[in-house]
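Novice: Got a sequence here, can you build the structure:
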Amino acid sequence: MFNLPNYTQVPNYLIDNWMHKLSHAEFKFIMLVVRYTCGYHRRQANISYKTFETKCGINIKTARTISKKFEDFGWIRVVHGDYQTANSYEIITAEHPENQDDNPGVSDPGGWGCETPRGRGVRPLGVGVSDPYLKERIEIKEERKESRNSVAPSEKAFGLSSLLLTKMKENNPKTRDPDERKWALEIERMNRIDKYSWDEIEQLIIYSQEDEFWQTNILSAAKLRKQAARLTLQQRKKKKGPSEDAHEKIQRMKQNKEAAELWKSSFAVPDHRMKIYSDYCEIKVYDSWCKISYYEHGFEEQIRSAFKKADF
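Specialist: Residues are numbered from 1 along each chain as shown. I've put the predicted structure just below:
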């Protein structure tokens with residue numbers, strides 16, 4: 001139950017134009033400033049970070065970040081206090097010299113919906129001192145949004161999105177039909193932005209729907225694009241086939257060691273010029289030792305090159 005008529009006049013512009021754009025913390029922050037200023041019919045109010053934490057659940061770091069943001073927007077003016085005094089917060093109003101309106105007799109010219117003690121309205125949020133800065137940011141975001149949506153998917157993108165849907169329905173006949181244009185846009189971006197060729201995208205689609213793990217995870221074109229890098233790596237690993245087992249490595253080491261001993265005996269290389277160890281051999285080339293591991297696949301080529309340099 002609320003006691004009437006204990007109300008705080010809240011700017012209409014804040015509710016109508018900005019409430020849905022602000023985060024929870026940002027909205028609670030500006031509402032507390034409005035409460036402590038418009039709510040008490042005063043121009044300024046000292047509000048400590050502890051108050052923001054208690055009333056809004058906002059920590060000091062977040063409160064500072066939001067305060068700086070709203071200052072840049074031209075919504076509030078902050079006079080920072082010292083270690084004993086809380087910051088002073090002031091709503092930017094039409095009564096400031098730089099914000100005077102052509103018609104001073106009109107109450108609430110900005111459409112805030114709250115009045116100061118002298119009957120003057122408060123300038124709308126986002127239309128304060130830093131309005132050009134805010135306007136530019138909004139225009140840039142709108143331009144980016146328009147540019148993203150203005151690219152029409154190619155026929156190839158539509159075809160591959162249809163292929164993905166077909167493969168998914170083969171795995172699960174109850175798969176719902178998606179937004180074809182949205183899927184095609186994701187496929188188009190894979191080609192245009194991520195630089196995947198159409199053939200590569202097609203192979204990724206086929207692989208993702210044939211693999212038991214990925215067919216339960218890749219359920220949209222957006223997911224395919226997100227996991228494209230991992231899919232590519234796993235696809236390449238499968239193409240290479242199984243890795244060499246331990247037995248094959250031991251056999252290769254044994255063969256390379258026998259080859260090293262044969263090279264040494266064939267050229268009658270003395271021990272101070274070539275040394276045979278269990279895992280590798282060393283050949284003295286000029287004034288340094290050249291170490292060649294028996295693990296190497298190109299062991300014969302390396303030892304031949306070392307013998308040539310050593311001039312045996």
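
Novice: Tell me how far the residue lying closest to Leu231 once chain neighbours are set aside lies from Ser293.
Specialist: Spatial nearest neighbour of Leu231, excluding adjacent residues (Cβ to Cβ, 6 or more residues apart in numbering): Leu204 at 5.0 Å. To be clear about C-beta, it is placed using only N, CA and C from the backbone, and glycine gets the same treatment. Going from Leu204 to Ser293 by Cβ to Cβ, to the nearest Å gives 37 Å.

Novice: Could you do Gln255 as well?
Specialist: Separation of Gln255 from Ser293 (Cβ to Cβ): 13 Å.

Novice: mind giving me the domain split of this protein?
Specialist: As recorded under automatic domain parsing, the domains making up the chain are 12-132, 155-240, 246-310.

Novice: Export those to CSV and append columns for distance to Asn3.
Specialist: Shown next, in CSV, are the domains of the chain (distance: least, Cβ to Cβ, whole Å):
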stretch, distance to Asn3
domain 12-132, 14
domain 155-240, 51
domain 246-310, 81
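
Novice: Tabulate those (TSV), appending mean pLDDT.
Specialist: What follows is these, written out as TSV (pLDDT from 0 to 100):
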stretch	mean pLDDT
domain 12-132	74
domain 155-240	91
domain 246-310	86
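
Novice: Please name whichever of those domains is nearest to Asn6.
Specialist: domain 12-132 (9.3 Å; Cβ to Cβ).

Novice: Just send the domains of the chain back as a markdown table, with mean neighbour count too.
Specialist: A markdown table is the format used below for the domains of the chain (neighbours: other Cβ atoms under 10 Å):
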| stretch | mean neighbour count |
| --- | --- |
| domain 12-132 | 16 |
| domain 155-240 | 16 |
| domain 246-310 | 14 |
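
Novice: Spit out the contact partners of the residue nearest to Leu231.
Specialist: The contact partners of Leu204, taken as Cβ atoms under 8 Å, 6 or more residues apart in numbering, are 196, 224, 228, 231-232, 235.

Novice: Which one of the residues you listed is nearest to Pro11?
Specialist: Of all the contacts of Leu204, Pro11 sits closest to Leu224, with 45.4 Å by Cβ to Cβ.

Novice: show me what contacts the closest residue in space to that closest one that isn't next to it in sequence?
Specialist: Of all residues not flanking Leu224 in the chain, Ile218 sits nearest, at 5.2 Å (Cβ to Cβ, 6+ apart). The contact partners of Ile218, by Cβ under 8 Å, 6+ apart, come to 208-209, 224, 227, 231.

Novice: I'd guess Asp72 is in a helix, am I close?
Specialist: Yes: assignment of Asp72 by DSSP: H, G, I helix; E, B strand; the rest coil places it within a helix.

Novice: about what we covered before: can you tell me how far the residue nearest to Leu231 sits from Trp214?
Specialist: Applying Cβ to Cβ to Leu204 and Trp214 gives a distance of 9 Å.

Novice: so what sits against both of those two?
Specialist: Counting by Cβ under 8 Å, 6+ apart, the common neighbours of Leu204 and Trp214 are Leu231.

Novice: May I ask you to confirm that Val285 is in contact with Ala310?
Specialist: Yes: Val285 is in contact with Ala310 according to Cβ atoms under 8 Å; the separation is 4.9 Å.

Novice: tell me the SS of Tyr89?
Specialist: strand.

Novice: Could you give the bridge partners of it?
Specialist: Note on Tyr89: beta-bridge partners by DSSP bridges are Ala45, Val78.

Novice: My guess is it contacts Trp75. True?
Specialist: No: with contacts counted by Cβ under 8 Å, Tyr89 stays clear of Trp75, the gap being 10.2 Å.
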